[in-house]
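Asker: sequence first, then the predicted structure:
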Amino acid sequence: MSTSEDLEALQLIYEALLKRWPETRLEPSLDRIAALCDALGSPELTYPVVHIAGTNGKTTTSRMIDSLFTELGYRTGRFTSPHLESFLERISIKGEPISPEGMIATYNDIALYLDLIDARQPHPISFFEAMTALAFVAFAEYPVDVAVIEAGMGGAWDATNIVSSQVSVITPIGLDHTEYLGETLEEIAETKSGIIKPESHVVLAAQPVEVAKVLTAKILEKAAIPYREGLEFSVARRDIAVGGQMVSINGIHGIYTDIFIPLYGAHQASNAALALASVEAFAGVQLDEELVRNAFANVTSPGRCEILYRDPTVIVDAAHNPHGAHAFASTLKSEFDFESIFGVLAILGEKDVHGVLLELEPVIDRLIVTQNSSDRALPVNVLFNEAVKVFGAERVFKEPDLRTAIATSIEQCTLINQTSDGISAVVITGSVVTAGESRAILRKIAESRA
């Protein structure tokens with residue numbers, strides 16, 4: 001049980017980290033993180049690593065890999081980003097966020113080293129670099145048997161890329177963060193392929209042709225061993241089931257049938273195949289089929305097509321780019337049977353807003369645009385004008401803040417359900433920030449109505 005003093009210390013640590021360069025401000029280089037981890041004794045080299053990069057699906061795939069390793073009996077560490085509600089979520093040990101006490105102890109271990117490297121480098125350690133170092137140290141101190149490390153942005157110069165990974169995993173690549181990664185899929189793929197290590201195992205999700213060419217060239221250059229979705233492994237069968245889906249997977253070393261995954265969408269079946277192939281590549285053998293079933297049955301992916309409220313149904317998804325919005329829209333269309341859908345959208349200003357709106361328009365009947373609390377949030381009036389261009393003026397409404405938008409959409413949806421034979425639902429999307437804040441708002445709404 002954490003004391004009030006622990007929680008106060010934790011808040012001070014978070015505030016100190018936030019004073020550093022934010023995740024959106026980058027000076028692409030491994031110099032700072034390499035110097036910091038060298039000063040710390042290279043904790044990232046004390047355990048084997050599965051390293052994951054890509055545009056979408058990284059966090060869910062990481063959680064699936066973690067669950068498989070846990071079922072195999074490994075003590076796992078998992079580093080993912082960004083977080084939904086608490087920065088402790090980013091560092092997971094044995095499937096649970098690091099404790100406040102664990103974070104405080106780890107931060108105290110590295111705080112002086114952060115200041116030391118700040119003084120010696122032309123640019124200070126960033127928030128993400130500090131979090132990465134905290135994860136590396138926490139995993140070494142635990143210690144873990146294997147670490148599942150998700151790249152933050154890109155790959156080649158991402159702070160996580162000082163690991164020496166046994167397995168590199170690349171999820172589907174699309175256009176995102178073009179200001180840093182490049183304007184074309186080929187440029188983005190080149191950056192993300194930087195996580196591939198010499199003679200390592202490389203597990204690839206299905207990719208556009210131009211991306212596959214870049215990744216294949218990098219694999220040949222590094223003399224790595226490839227496992228490709230659709231060739232060395234694949235989803236053999238997928239059926240919609242109550243609360244998720246049933247899948248069968250052709251793995252690298254065997255066939256796995258009747259796997260229940262409590263997540264929605266064809267993309268989650270592909271993520272499952274990718275995760276299973278990654279653990280198979282690490283282990284080098286076929287896994288026990290019942291173990292695999294247990295691992296996937298226990299998988300959760302907060303903020304990813306997550307049903308958080310009933311009567312009416314409210315679904316939250318962290319889709320923040322057209323690729324993610326397409327997957328979310330496809331899932332809503334194919335796996336739910338709603339008469340109408342009220343959408344709530346709050347997105348960050350640097351994103352492809354028009355592309356996201358185009359993907360959502362076919363499945364959302366009425367859209368409420370708003371903004372989350374991030375200082376990067378696209379202003380409501382700007383988002384409203386963009387939404388009208390895609391949805392038309394009669395289908396778009398605006399609210400000043402996320403809480404009001406959610407309450408309004410629930411009220412309107414409830415009224416429709418009371419006067420209609422069909423069932424309508426609310427979906428909330430646009431960013432990880434939106435998903436995280438929505439989870440907290442919906443908890444309070446549920447508590448007030450209990």
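Answerer: Sure, I can see it. Numbering: from 1, shown residues only.
Asker: isn't residue 272 up against residue 248?
Answerer: No - taking contacts as Cβ atoms under 8 Å, residue 272 lies outside contact range of residue 248: 10.5 Å. Every residue, glycine included, has its C-beta placed from N, CA and C.
Asker: how about exporting whichever strand or helix holds residue 11 as CSV, limited to the C-alpha atoms?
Answerer: Assigning secondary structure by DSSP states H and E places residue 11 in helix 4-18. Taking Å, rounded to 0.1, in the frame of the first residue of the first chain, the C-alpha atoms of helix 4-18 are listed here in CSV:
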residue,chain,number,x,y,z
SER,A,4,0.5,9.7,1.0
GLU,A,5,4.3,10.5,1.2
ASP,A,6,5.0,8.1,-1.6
LEU,A,7,2.2,9.6,-3.8
GLU,A,8,3.5,13.1,-3.1
ALA,A,9,7.1,12.0,-4.0
LEU,A,10,5.8,10.3,-7.2
GLN,A,11,4.0,13.5,-8.3
LEU,A,12,7.3,15.5,-7.7
ILE,A,13,9.1,13.0,-9.9
TYR,A,14,6.6,13.2,-12.7
GLU,A,15,6.7,17.0,-12.5
ALA,A,16,10.5,16.9,-12.7
LEU,A,17,10.4,14.6,-15.7
LEU,A,18,7.8,16.8,-17.5
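Asker: so for it, mean pLDDT?
Answerer: The pLDDT scores in helix 4-18 average 93.
Asker: what does stretch 22-39 give?
Answerer: Averaging the model's pLDDT scores along stretch 22-39 yields 88.
Asker: neighbour-wise, which of residue 272 and residue 248 wins?
Answerer: Set side by side, residue 272 and residue 248 give different neighbour counts by other Cβ atoms under 10 Å, the larger being at residue 272 (27 against 17).
Asker: got the domain ranges for the chain?
Answerer: Domain segmentation of the chain under automatic domain parsing yields 4-297, 306-449.
Asker: ends of the first one, what's the gap?
Answerer: The first residue of domain 4-297 is 36 Å away from its last residue (Cα to Cα, to the nearest Å).
Asker: quick one: residues contacting residue 330.
Answerer: For residue 330, the residues meeting the contact criterion (Cβ atoms under 8 Å, 6 or more residues apart in numbering) are 265, 266, 267.
Asker: circling back to that earlier point, residues shared between the contacts of residue 272 and residue 248?
Answerer: Overlap between the neighbourhoods of residue 272 and residue 248 consists of 235, 259, taking contacts as Cβ under 8 Å, 6+ apart.
Asker: who touches the helix or strand harbouring residue 228?
Answerer: In this structure, residue 228 is located in strand 225-228 according to DSSP H and E. Contacts made with strand 225-228 from outside it, assessed by Cβ under 8 Å, 6+ apart, are listed as 199-204, 206, 212, 216, 219, 232-233, 252, 277, 281.
Asker: and what of stretch 27-39?
Answerer: Applying Cβ under 8 Å, 6+ apart, the external contacts of stretch 27-39 come out as 21, 43-44, 110, 113-114, 116-117, 120-121, 123-126, 129, 132-133, 136, 154, 157, 159, 161-162, 180.
Asker: which ChimeraX command selects the buried ones in those?
Answerer: Buried members of the contacts of stretch 27-39, defined by 16 or more other Cβ atoms under 10 Å, are picked up in ChimeraX with:
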select :21,43,44,110,113,114,117,124,125,126,129,132,133,136,154,157,159,161,162
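Asker: so which of the contacts of stretch 27-39 sit within helices?
Answerer: In helices, judged by DSSP state H, the following of those are found: 110, 113, 114, 116, 117, 120, 129, 132, 133, 136, 180.
Asker: want to throw those residues into a markdown table with distance to residue 256?
Answerer: Converted to a markdown table, the ones in helices among the contacts of stretch 27-39 look like this (distance: Cβ to Cβ, whole Å):
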| residue | distance to residue 256 |
| --- | --- |
| 110 | 41 |
| 113 | 44 |
| 114 | 44 |
| 116 | 48 |
| 117 | 45 |
| 120 | 50 |
| 129 | 38 |
| 132 | 33 |
| 133 | 37 |
| 136 | 32 |
| 180 | 38 |
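Asker: which one of the contacts of residue 330 is nearest to residue 365?
Answerer: Closest approach to residue 365 among the contacts of residue 330 (Cβ to Cβ): residue 265, at 20.2 Å.
Asker: I'd say that closest one and residue 335 touch.
Answerer: Yes - in this structure, residue 265 sits in contact with residue 335. The criterion is Cβ under 8 Å, and the distance is 6.8 Å.
Asker: straight-line length of stretch 135-146, end to end?
Answerer: For stretch 135-146, the end-to-end distance is 13 Å (Cα to Cα).
Asker: what do you get for stretch 360-370?
Answerer: When the termini of stretch 360-370 are compared using Cα to Cα, they are 15 Å apart.
Asker: before we move on, the earlier item: please narrow the contacts of residue 330 to those residing in strands.
Answerer: If you go by DSSP state E, the contacts of residue 330 have nothing in strands.
Asker: picking up where we left off before, what's downstream of the strand holding residue 228, the next helix or strand?
Answerer: Using DSSP H and E, the next helix or strand after strand 225-228 towards the C-terminus is strand 234-241.
Asker: other residues contacting that next one?
Answerer: 245-250, 255, 257, 260, 266, 269-270, 272-273, 334-335.
Asker: could you list the low-pLDDT ranges of the stretch 151-300 of the chain?
Answerer: Counting by pLDDT under 70, the low-confidence segments of the stretch 151-300 of the chain come to 176-181.
Asker: show me where it has helices.
Answerer: Taking DSSP state H, counting those that start in this stretch to define them, one finds helices in the stretch 151-300 of the chain at 178-181, 185-192, 209-221, 266-283, 289-297.
Asker: now for residue 5, how many residues are close by?
Answerer: Residue 5, neighbours per other Cβ under 10 Å, totals 10.
Asker: nope, residue 334 is what I meant
Answerer: Residues near residue 334, counting by other Cβ under 10 Å: 12.
Asker: tell me the phi and psi of it?
Answerer: Main-chain torsions, residue 334, degrees, to the nearest 10: phi -90, psi -20.
Asker: hmm, it is touching residue 266, no?
Answerer: Yes - at 7.4 Å, residue 334 and residue 266 qualify as touching, with contact defined as Cβ under 8 Å.
Asker: look up the closest residue to the residue nearest to the spatial centre of the chain, ignoring the ones flanking it.
Answerer: With the centre of the chain defined as its mean C-alpha position, the nearest residue by Cα atoms, centre = their mean is residue 59, 3.3 Å away. Closest residue to residue 59 in three dimensions, ignoring its sequence neighbours and counting by Cβ to Cβ, 6 or more residues apart in numbering: residue 80, at 4.7 Å.
Asker: how much space separates that neighbour from residue 169?
Answerer: According to Cβ to Cβ, to the nearest Å, residue 80 and residue 169 sit 13 Å apart.
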